[in-house]
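Asker: can't give you the sequence, but here's the structure:
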């Protein structure tokens, strides 16, 4: 057998935290070395965190990132590490550094630079043309980055056909949306089977502003069968032993690659040798760069156990594979249904946004409605009940059911709860504004009569209350509006849109109900009152109000929004699918008019293929309608 022990360390970096990311990487290397891993991959741009956006326009940031990559060298004794970083030459590159036994042996530069959806890589990087294959003993290894493996040909096929690569290591930062992990797995299994190669896919994990990275790293054999799979939404070290003779045997019995080499006729891919069985002098010394703080932190992370593990790894690097530590059986990754997956994604994204931005406690309005109830559940699951504060802010229009349900939810979840009525403040606003507002309003209504102005005043008073608590105690305000409302502008600027993070910004109302029922089903005692889930949704800003006074039923609205917002279908095209054309036209007008509101809204977790924000960029000043 030609057996190789491969490891994938999906870790959660923070953009710009070079020292913290460095410590996490060193810790992953030490854990992998202790397990006898010979080749370890870490995610795309894990040194810097992803995406660093315009930090990449700062020369000092680029210099420090490359310096941090060099400082990993002493930690690579007896192991090959493929780590995501940046590289500079005449331009800047998204790169994978191949570090081996204390030496930087080579660098892979990304070929395909995505520039769609949330990606903007042409803004920062140069695309590479040719890259090498790495030979570690008798193992031939191709390295690639994220987008490079999504194409059937390209660098992967070149490494296999021209370079003889048997193992393909792809380091990635693949943003999450619901259902993507399964589609990605199918693609990777196809790449492995088509190229008769072992595919190792190491994905980033963690939240970065509105983007979420789900992990779910994979090791797939040459038959397209999954050997090991990483967890979703969690740090993980995925390790598997692969038999390279199986790759050779499969290629003997399948002529496709042989014919591909004849038809290709290109120059062989350069090979870089990674000698096994020695320790470079750099790996026997302290860190080369003058960075005492990072040196000390890395030493703490590695510790004496890491040094002993390095000695064991060096002694067994070229020995019989049986001398390596035995791997524990790894249970298959649990299969999540879509609702469970989305719920876990929202919890994970909320936790990372809150904690990475230096907050401990969040505060939100508990109206007694389903949106705020779901947000409270997500916040408690992400941060713990002691770090969640619910505020009930009843007005003269708030029903007894809403007051009771909001308090019952807080009691069931164990959160702190306060009731701060808004009626007196609302009355004072109305008195103060009565003279200037006299004579205004809808032409169909008596002059000065209440309308949406007074409704929005209530929302803005509530926003003021929440922001005051945020200022006083350093709490982060969570807004509770969903994608259906944000799409059509059924929300109040500087009112219920006021806050630091919009948990449900990419969750349609119909999905909100599904997630709420899922969360109730997870608990022995359901926290969300059944009445919250069954009574008609209402903003309760005027007597007898329901959402359907202004909007189509959500069962009609949400499919139209998906077609118009996410798929860019025309009004006529949507109507031809069976929807009433005037309803579709009305919805489209509301979506288009609300662009200025969305531009001022807080970030929220992306769970759909096309979310508001980075994904969908439309001008505010815009006269197109279609």
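Answerer: Yes, it's here. In this text, all values refer to a predicted model and were calculated from it rather than measured experimentally.
Asker: three-state assignment of residue 250?
Answerer: helix (DSSP: H, G, I helix; E, B strand; the rest coil).
Asker: check contacts around it.
Answerer: By CB atoms under 8 Å, 6 or more residues apart in numbering, residue 250 lies in contact with 196, 222-223. The C-beta positions use only the backbone N, C-alpha and C, and glycine is treated the same way.
Asker: so where does residue 8 fall, helix or strand?
Answerer: Assigned by DSSP states H and E, residue 8 belongs to strand 3-10.
Asker: quick one: distance of that strand to the chain centre.
Answerer: In terms of CA atoms, centre = their mean, to the nearest Å, the centre of strand 3-10 is set 23 Å apart from its chain centre.
Asker: so which elements touch it?
Answerer: helix 18-34, strand 39-41, strand 198-203, strand 218-220, strand 236-243 (3 or more CB pairs under 8 Å, 6 or more residues apart in numbering; DSSP states H and E).
Asker: assign a three-state SS to the closest residue to residue 341 other than its chain neighbours, would you?
Answerer: Using CB to CB, 6 or more residues apart in numbering and skipping the chain neighbours, the partner closest in space to residue 341 is residue 178 (6.3 Å). Put simply, residue 178 is coil when judged by three-state DSSP.
Asker: what angle sits between the strand holding residue 8 and helix 18-34?
Answerer: Calculated by axes from the mean of the first three to the mean of the last three CA atoms, to 10 degrees, strand 3-10 forms an angle of 150 degrees with helix 18-34.
Asker: and strand 3-10, which strands flank it?
Answerer: Neighbouring strands of strand 3-10 in its sheet, by DSSP bridges, are strand 39-41 (parallel), strand 236-243 (antiparallel).
Asker: just send those back as a markdown table, with mean pLDDT, distance to residue 419 and mean neighbour count too.
Answerer: Output for those, formatted as a markdown table (pLDDT from 0 to 100; distance: least, CB to CB, whole Å; neighbours: other CB atoms under 10 Å):
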| stretch | mean pLDDT | distance to residue 419 | mean neighbour count |
| --- | --- | --- | --- |
| strand 39-41 | 98 | 53 | 28 |
| strand 236-243 | 97 | 43 | 21 |
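Asker: out of these, which comes closest to residue 416?
Answerer: strand 236-243 (33.7 Å; CB to CB).
Asker: quick one: terminal-to-terminal distance for stretch 130-147?
Answerer: Stretch 130-147 has its terminal residues 16 Å apart, counting by CA to CA, to the nearest Å.
Asker: name the residues of that stretch that are buried.
Answerer: 131-137, 139-147 (16 or more other CB atoms under 10 Å).
Asker: still on that earlier bit, list just the nearest of the contacts of residue 250 to residue 76.
Answerer: Among the contacts of residue 250, and counting by CB to CB, the member closest to residue 76 is residue 222, at 27.4 Å.
Asker: any idea how far residue 200 lies from residue 559?
Answerer: From residue 200 across to residue 559, the span is 39 Å (CB to CB, to the nearest Å).
Asker: tell me which of the two has more neighbours.
Answerer: With neighbours defined as other CB atoms under 10 Å, residue 200 and residue 559 compare such that residue 200 has more, 30 against 16.
Asker: so that one makes contact with residue 169?
Answerer: Yes. Assessed by CB atoms under 8 Å, residue 200 is found in contact with residue 169 at 4.8 Å.
Asker: shared neighbours of these two, which are they?
Answerer: Joint contacts of residue 200 and residue 169 (CB under 8 Å, 6+ apart) are residue 41.
Asker: point out where the stretch 351-500 of the chain drops to low pLDDT.
Answerer: 444-445, 448 (pLDDT under 70).
Asker: could you pull out the strands for it?
Answerer: 362-365, 388-392, 416-419, 476-479 (DSSP state E, counting those that start in this stretch).
Asker: I'd like the ones you listed as CSV, with mean neighbour count and distance to residue 533 appended.
Answerer: Formatted as CSV, the strands of the stretch 351-500 of the chain follow (neighbours: other CB atoms under 10 Å; distance: least, CB to CB, whole Å):
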stretch, mean neighbour count, distance to residue 533
strand 362-365, 27, 18
strand 388-392, 24, 18
strand 416-419, 15, 20
strand 476-479, 25, 20
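Asker: any idea which element residue 602 lies in?
Answerer: Going by DSSP H and E, residue 602 is not in any helix or strand.
Asker: please report phi then psi for it.
Answerer: phi -70, psi 160 (degrees, to the nearest 10).
Asker: gap between the residue nearest to it when sequence neighbours are not counted and residue 364?
Answerer: Leaving out its chain neighbours, the residue that sits closest to residue 602 by CB to CB, 6+ apart is residue 502, at 4.8 Å. Counting by CB to CB, the gap from residue 502 to residue 364 is 11 Å.
Asker: who touches both of those two?
Answerer: 478-479.
Asker: so who does the spatially most central residue of the chain touch?
Answerer: Nearest residue to the geometric centre of the chain (CA atoms, centre = their mean): residue 212, 0.9 Å. Contacts for residue 212 (CB under 8 Å, 6+ apart) come out as 175-176, 206, 233, 345, 348-349, 352, 605-607.
Asker: over to residue 215?
Answerer: 10, 203-205, 230-236.
Asker: if we go to 10 Å?
Answerer: 8, 10-12, 43, 174, 176, 181, 202-206, 229-236, 238, 333, 348 (CB atoms under 10 Å, 6 or more residues apart in numbering).
Asker: one more: residue 136?
Answerer: Here residue 136 is in contact with 4, 38-39, 80, 98, 100, 105, 167, 272-276 (CB under 10 Å, 6+ apart).
Asker: report the beta-bridge partners for it.
Answerer: Beta-bridge pairing of residue 136 under DSSP bridges involves residue 139, residue 274.
Asker: same question for residue 391.
Answerer: residue 365, residue 418.
Asker: quote the end-to-end distance of stretch 524-544.
Answerer: One end of stretch 524-544 sits 34 Å from the other (CA to CA).
Asker: residue ranges in the stretch 201-350 of the chain under the pLDDT threshold?
Answerer: For the stretch 201-350 of the chain (pLDDT under 70), the answer is 262, 265, 278-322.
Asker: one more time with 50
Answerer: Within the stretch 201-350 of the chain, the ranges that satisfy pLDDT under 50 run 282-290, 295, 298, 301-319.
Asker: circling back to that earlier point, now tabulate the strands paired with strand 3-10 in CSV and tack on distance to residue 88.
Answerer: Converted to CSV, the strands paired with strand 3-10 look like this (distance: least, CB to CB, whole Å):
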stretch, distance to residue 88
strand 39-41, 22
strand 236-243, 30
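Asker: quick one, what contacts residue 171?
Answerer: 8, 41-46, 82-85, 94-96, 108, 110, 143-146, 148-149, 200-204, 217.
Asker: so it lies in a strand, does it not?
Answerer: Yes. Assignment of residue 171 by three-state DSSP places it within a strand.
Asker: for residue 567, give its distance to residue 187.
Answerer: 21 Å.
Asker: residue 531 - that's part of a helix, no?
Answerer: Yes. If the criterion is three-state DSSP, then residue 531 is within a helix.
Asker: against residue 226, how distant is it?
Answerer: 45 Å.
Asker: circling back: looking at the helices and strands packed on strand 3-10, which is closest to residue 462?
Answerer: Using CB to CB, the nearest of these to residue 462 is helix 18-34, at 36.8 Å.
Asker: the closest one packs against which elements?
Answerer: Applying 3 or more CB pairs under 10 Å, 6 or more residues apart in numbering; DSSP states H and E, one finds that helix 18-34 contacts strand 3-10, strand 39-41, helix 59-70, strand 80-88, strand 236-243, helix 292-316.
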